[in-house]
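A.B. asks: heads up, no residue letters with this:
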């Protein structure tokens, strides 16, 4: 079992920045990709970014490319999401997740087995 805990959310003005963190416990996730997803009010959960176990493969949703950066520290069993140039439409609950299969880097929600409880990000205009 893997437990995931996100932190770093909050209220920020448009154009500002936030850095989200997600710490994994229970067992090492060094062989697994780690991803970020979000659920905006009234919308389905959607893919934001994911990073392979080695860090060699990174994928972003088109809506966040050039503004968000995903990174990880396998020694700390953690993944991060640096969010710059935030927009009101980035307002959502952000979740980190670990997929079911090691050494894959999926973008689909159904491929992820472990999820954190989420952290709220609110961007004011």
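C.D. replies: Perfect, I can see it now. All figures in this text were calculated on a predicted structure; none of them were measured in a lab. Residues are numbered from 1 along each chain as shown.
A.B. asks: got a list of what the residue nearest the centre of the chain touches?
C.D. replies: By CA atoms, centre = their mean, the chain has its centre lying nearest to residue 36, at 2.1 Å. Applying CB atoms under 8 Å, 6 or more residues apart in numbering to residue 36 gives the contacts 20, 22, 48, 49, 50, 70, 79, 81, 94, 95, 96, 97. Glycine gets a C-beta too; all of them are placed from N, C-alpha and C.
A.B. asks: Identify the bridge partners of it.
C.D. replies: The residues listed as beta-bridge partners of residue 36 by DSSP bridges are residue 49, residue 96.
A.B. asks: now residue 82
C.D. replies: Listed by DSSP bridges, the beta-bridge partners for residue 82 are residue 19, residue 69.
A.B. asks: Tell me the confidence at residue 41?
C.D. replies: In this model, residue 41 is scored at 93, pLDDT.
A.B. asks: which SS class is it?
C.D. replies: When classified by DSSP: H, G, I helix; E, B strand; the rest coil, residue 41 comes out as coil.
A.B. asks: Fine by me, thanks again.
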